[in-house]
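Asker: sequence first, then the predicted structure:
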Amino acid sequence: SGQRGIRLLQGEAYFEVKPDKTRPFVVATGQGKVQVVGTRFNVNTDTATSVDVESGSVACSGQQGGFVRLSAGQHTVITEAAVSPATASEPGQAFAWLKGRLIFQDRPLAEVIAELGRYHHGAILIANTKLAQTRITGNYKLEDTGALIRTLAEIAGARTVSLTPYLTLVKL
């Protein structure tokens, strides 16, 4: 009655919240809560919750304590154990998915493939640990995830094998 909100179990969501001081908006995840009055922000949750603020401010708290207030251009990560201090956000990266793009800066191929897997129908497996640790930087369109997987494999010096329409293997 005195609150608006959502429970985000997994995945990523972008919110534009109209100000209403009498009814704050709360996003609850497995790791904590993000409370806002009026703002635009992004929440991405899986084993940790990542929060990026585009405008306005949010208050982030962990299930086991910890608190940080974020304003426009700031980022935090909420884990089961803590809430990290506010750091500068990369808004182009954080909100790129809203424009059908993924942007990565010096990230392991395994993380890039995991993120891409959210947009791809089927599983993507990497054949070995060394390949999974290959660092990737780039700005990619999400319109053809199959072609993007092949491009990433080529950048890493690997190739792809489609075992079924729903299973792609990236290997050296």
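Answerer: Cool, got the structure.
Asker: Leu109 reaches Ile124, doesn't it?
Answerer: No. The criterion here is Cβ atoms under 8 Å, and Leu109 misses it with Ile124 at 10.3 Å. Every C-beta, even on glycine, is put in place using the N, C-alpha and C of the backbone.
Asker: compare those two (neighbour count), which wins?
Answerer: Applying other Cβ atoms under 10 Å to Leu109 and Ile124 shows that Leu109 carries more neighbours, namely 23 against 19.
Asker: how much space between that one and Gly122?
Answerer: Separation of Leu109 from Gly122 (Cβ to Cβ, to the nearest Å): 17 Å.
Asker: same question for Thr160.
Answerer: 12 Å.
Asker: low-confidence ranges in the chain?
Answerer: Low-confidence segments of the chain, defined by pLDDT under 70: 37.
Asker: common neighbours of Leu109 and Ile124, please.
Answerer: Contact with both Leu109 and Ile124 is made by residues Val170, according to Cβ atoms under 8 Å, 6 or more residues apart in numbering.
Asker: partner residues bridging the closest residue to Leu98 other than its chain neighbours?
Answerer: Leaving aside its sequence neighbours, Leu98 sits nearest to Tyr14 (Cβ to Cβ, 6 or more residues apart in numbering; 5.8 Å). Beta-bridge partners recorded for Tyr14 (DSSP bridges): Asn42.
Asker: contacting residues for the most centrally placed residue in the chain?
Answerer: For the chain, the residue sitting closest to the mean C-alpha position, by Cα atoms, centre = their mean, is Asn44 at 4.4 Å. Listed by Cβ under 8 Å, 6+ apart, the contact set of Asn44 reads Gly11, Glu12, Ser50.
Asker: after the helix or strand hosting it, next one along is what?
Answerer: Taking DSSP states H and E as the criterion, the element that holds Asn44 is strand 39-45. Per DSSP H and E, the first helix or strand lying C-terminal to strand 39-45 is strand 49-55.
Asker: pull that next one out as PDB, backbone CA atoms only.
Answerer: C-alpha atoms of strand 49-55 as PDB (Å, rounded to 0.1, in the frame of the first residue of the first chain):
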ATOM      1  CA  THR A  49      23.500  -7.600  -8.200                       C
ATOM      2  CA  SER A  50      25.000  -4.800 -10.300                       C
ATOM      3  CA  VAL A  51      23.400  -1.400 -10.200                       C
ATOM      4  CA  ASP A  52      24.000   1.600 -12.600                       C
ATOM      5  CA  VAL A  53      22.300   4.900 -12.300                       C
ATOM      6  CA  GLU A  54      21.600   7.000 -15.400                       C
ATOM      7  CA  SER A  55      19.800   9.900 -13.600                       C
END
